[in-house]
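Peer 1: A structural model of the following input is requested.
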Amino acid sequence: HTFTHNGQEFIYVLSGVLTVMYEEEEVDLTPGDSFHVESSKPHNWYNRTDDVVKMVYVRSHSFE
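Peer 2: Predicted structure coming up:
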């Protein structure tokens, strides 16, 4: 299931495997990978593994 909202998001994976959904695509991010999205596009992210995912997550929000 994907979401949309105002703003932008940035993820940088430190450890583990993070699955990112963007529009119709699904990609696994591993340590050192990053993801930036205009949040008005359909997106979501989650951990499909039993391992801990550590990441840097930055989100901006537009109040227009």
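
Peer 1: mind listing the strands for the protein?
Peer 2: For the chain, the strands identified by DSSP state E occupy 8-15, 18-22, 25-29, 34-38, 43-46, 54-60, in order along the chain.

Peer 1: For these, give me JSON lines that also has mean neighbour count and mean pLDDT.
Peer 2: Where C-beta positions appear, they are placed from N, C-alpha and C, glycine not excepted. Below are these laid out as JSON lines (neighbours: other Cβ atoms under 10 Å; pLDDT from 0 to 100):
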{"stretch": "strand 8-15", "mean neighbour count": "16", "mean pLDDT": "97"}
{"stretch": "strand 18-22", "mean neighbour count": "18", "mean pLDDT": "96"}
{"stretch": "strand 25-29", "mean neighbour count": "13", "mean pLDDT": "97"}
{"stretch": "strand 34-38", "mean neighbour count": "14", "mean pLDDT": "95"}
{"stretch": "strand 43-46", "mean neighbour count": "16", "mean pLDDT": "95"}
{"stretch": "strand 54-60", "mean neighbour count": "12", "mean pLDDT": "96"}
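
Peer 1: Dump those into TSV; add distance to Thr2 as well.
Peer 2: As requested, those are exported to TSV (distance: least, Cβ to Cβ, whole Å):
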stretch	distance to Thr2
strand 8-15	12
strand 18-22	6
strand 25-29	10
strand 34-38	10
strand 43-46	5
strand 54-60	16
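
Peer 1: for those strands, which one sits closest to His1?
Peer 2: Closest of the strands of the chain to His1 is strand 43-46, at 6.3 Å (criterion: Cβ to Cβ).
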